[in-house]
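*Asks:* Give me a model of this one.
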Amino acid sequence: MRRRVALFYPIGLWAGNARAADAAAQAPALGVSERRLQFPADFGAHPDTRIEWWYATGALVAAEAPRGAAPTHGFQLTFFRARTGLDAAQPSRFAAHQLVFAHAAVSEVSGGRLRHDERIARAVLGVAGAATGDTRAWIRDWQLAREDTASPPGSRYRARLASDAAGFTLDLALSTTQPLLLQGRAGYSRKGPDPGQASHYYSQPQLAVEGTLVLDGRRRPVRGRAWLDHEWSDTLLHPEAVGWDWIGMNLDDGSALTAFRLRRADGRTLYAGGSWRTAGGPVRAFGADELRFAPGRSWTSPRTRARYPVAWQVDTPLGRFGVEALFDDQELDSRASTGTVYWEGLSRLTDAAGRPVGGGYLEMTGYVERLRL
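*Replies:* Numbers count the residues shown, from 1 in each chain. The predicted model follows:
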């Protein structure tokens, strides 16, 4: 998608973002290891690690829709931070020690249309950045930030962005209804069979969403349910892995299901993981041998000719689930920023009998070519 370039930048916002970028450059190096995550510090950026992302997805309905109404729209907003490897001793304020990327998308279920846009910028002069100490990532007027809430105690994330190219605006508040979900072993998530292939990873499932969606100038008050992931790592992909298949699902009873697998070029699973948590219950982490992904119906992209399984059967220790896209064409071409094409889409979750039990997002990478991080 064509990227909109801002020619002017508010001085006050520039100054605040510049201070945040300076703080990020001076953050202590903690790396990725089995340690106890500390909050709010670990809500923020970890500039000593190679790659990091904050990833929010959700299902939306009209604000006045009845309870239990089927989603009419989905949204995705992801901010990526990547360390460039430039010598830290380089003193110039223009030196690109960190890059920031952003992807945003809106899925329109009626009509099966996906709108998406992307941005990339150097984390210099306050134009873009990812702050340490708490969640705040931005590229010009695209922003995601967290604040504490007193009643009920928790977090509220604010997502604000506008895309002239794709014709949409998002202004959403995502409020926690449950505690943090630490993935893997207390937030240390293995991503392969070899030591060191791991990330720090936590989720915020069952977020309550309120806000505004604007499509082609038409303003729509919306509400819904969302999921947020924050993950950072130095090494995510084993040399034999070409990509991954991942689901993050909010169940109607308040439970949360995460499942992923790293995939070899021949389609076989290299490594797998995930978790289950009931509303108010403990986390049940899945071992690498406890998950089975079986592809069902496929869809072929008319643009890239990649063939994506848009329906899956996922066997977990808690039972069998079905995952099916609400519509097929949710492929995102981000070669102008992160350099990859992937499928990321609003999907429904069913139980072993085929009954709807929830929904969320399915992500599939490495189907056009091997994912590069």
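*Asks:* how much space between the residue positioned nearest the centre of the chain and residue 132?
*Replies:* Residue closest to the mean C-alpha point of the chain, counted by CA atoms, centre = their mean, is residue 55 at 2.2 Å. Shown here: residue 55 relative to residue 132, a distance of 19 Å by CB to CB, to the nearest Å. C-beta coordinates here come from the backbone N, C-alpha and C atoms, glycine included.
*Asks:* got it, and residue 169?
*Replies:* Counting by CB to CB, the gap from residue 169 to residue 132 is 29 Å.
*Asks:* Looking at the two, which one has more neighbours?
*Replies:* Remark: of residue 169 and residue 132, residue 132 carries more neighbours, 21 against 17, as counted by other CB atoms under 10 Å.
*Asks:* Tell me the secondary structure at the more buried one.
*Replies:* coil (DSSP: H, G, I helix; E, B strand; the rest coil).
*Asks:* who's in contact with the residue nearest to the centre of the chain?
*Replies:* Counting by CB atoms under 8 Å, 6 or more residues apart in numbering, residue 55 touches 76-78, 228-231.
*Asks:* As a markdown table, those residues with pLDDT would be great.
*Replies:* Listed next are those as a markdown table, based on pLDDT from 0 to 100:
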| residue | pLDDT |
| --- | --- |
| 76 | 97 |
| 77 | 97 |
| 78 | 97 |
| 228 | 98 |
| 229 | 98 |
| 230 | 98 |
| 231 | 97 |
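*Asks:* Do you know the pLDDT at the residue nearest to the centre of the chain?
*Replies:* At residue 55, the pLDDT value in this model is 97.
*Asks:* Tell me where the stretch 101-250 of the chain has strands.
*Replies:* In the stretch 101-250 of the chain, the strands defined using DSSP state E, counting those that start in this stretch lie at 113-122, 128-130, 136-139, 142-150, 153-163, 168-175, 181-182, 188-190, 198-215, 218-235, 241-251.
*Asks:* Quickly compare the ones you listed and say which is most buried.
*Replies:* strand 128-130 (a mean of 27; mean count of other CB atoms under 10 Å).
*Asks:* what is the mean pLDDT for it?
*Replies:* Per-residue scores along strand 128-130 average to 96.
*Asks:* With stretch 278-289 instead?
*Replies:* For stretch 278-289, mean pLDDT rounds to 95.
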